[in-house]
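In: With the input below, show me the fold.
(chains A, B, C and D)
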2 protein chains.
Amino acid sequence: MTAGNADVFAALASPVRRELTALLLRGPRSVNDLASHFEMSRPSVSEHLRVLRDAGLVSEERSGRRRLYRLEAEPLMEVSRWLSPYERFWRDRLAGLRELLDEEDGDDHEH
Amino acid sequence: MTAGNADVFAALASPVRRELTALLLRGPRSVNDLASHFEMSRPSVSEHLRVLRDAGLVSEERSGRRRLYRLEAEPLMEVSRWLSPYERFWRDRLAGLRELLDEEDGDDHEH
DNA sequence: TTGACACGTAGGAAATCTCCTACCTATTGT
DNA sequence: ACAATAGGTAGGAGATTTCCTACGTGTCAA
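Out: Down below sits the predicted model:
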């Protein structure tokens, strides 16, 4: 029961929390370690970690007087599964664009 | 300059807005069409569309007195790019797990 | 045992989000 | 021209987020 109820997208909506997950990608870290990368107070970082934990994105392991936070894969896989129909969508879009560029030599393209 | 400044993750944080993008995956739709799928008032849907637009996730095309909203691929590709290092991460996790299951026949597994 | 350390929680202020009901403009059909 | 349609905007209420400073608890080291 590691809890994975709360909204993963909402958890990832905060840049701070995305930064936290990026740090945890390199391996488990303690709260102070994580907090040292931010201007924010340590308790605020703790609160962000709580949100990530409620979304199941991280788990904590008590190790002495420290707690190691560890990234969990499942919710991220969920995001990936959510994304996949859109992936198909943009592949079609790009295929269409490429087709158009191949047959015409138009010169009125943005980007 | 279709605008893509605002935070894509924040835009996708709302279930309503994810539902809107899902609807738009099937093709461009007018605001009333979209709004008919929700309990919410039409102006509220308009506001959600504005958030999606600010994130570049949708664009609008004026067609007579209606406006067709259309899903845009780029911000979703951005999400996919953000996700890819994590994809590698969970592949490693799953590989490690499989390895472990192959060599041991342990019986003390959660989940 | 006692002080220092690591961390969570409480409570609150300020900002932001989400929804509403008016209300306004633009376009279409008659 | 006029009524109906489509949809954006204003302003505001209530909920939620995000940050802070205290403060409490558990653990280690001397």
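In: tell me the contacts of the nearest residue to residue A:78 once chain neighbours are set aside?
Out: Closest residue to residue A:78 apart from its sequence neighbours, by CB to CB, 6 or more residues apart in numbering or on different chains: residue A:8 at 5.9 Å. All C-beta spots, glycine's among them, are computed from the backbone N, C-alpha and C. Residue A:8 sits next to A:55-57, A:75-76, A:78-79 when contact means CB atoms under 8 Å, 6 or more residues apart in numbering or on different chains.
In: Quick check: phi and psi on residue A:8?
Out: phi -60, psi -40 (degrees, to the nearest 10).
In: now for the helix-or-strand element of chain A with minimal mean pLDDT, which elements pack on it?
Out: Each helix and strand of chain A was given a mean pLDDT (mean pLDDT, DSSP states H and E); the minimum falls on helix A:74-103 at a mean of 90. In terms of contacts (3 or more CB pairs under 8 Å, 6 or more residues apart in numbering or on different chains; DSSP states H and E), helix A:74-103 is packed against helix A:8-12, helix B:74-103.
In: got the angle between that helix and helix B:74-103?
Out: 130 degrees (axes from the mean of the first three to the mean of the last three CA atoms, to 10 degrees).
In: ok, and what's touching the strand or helix carrying residue A:59?
Out: Here residue A:59, judged by DSSP states H and E, is contained in strand A:58-63. For strand A:58-63, the surrounding residues in contact (CB under 8 Å, 6+ apart) are A:2, A:20-21, A:24, A:28, A:49, A:52-53, A:67-72.
In: CSV please, covering these and showing distance to residue B:16.
Out: Shown next, in CSV, are the contacts of strand A:58-63 (distance: CB to CB, whole Å):
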residue, distance to residue B:16
A:2, 28
A:20, 26
A:21, 24
A:24, 29
A:28, 35
A:49, 27
A:52, 23
A:53, 25
A:67, 35
A:68, 36
A:69, 31
A:70, 32
A:71, 28
A:72, 27
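In: Before I go, just wanted to say thanks for your time.
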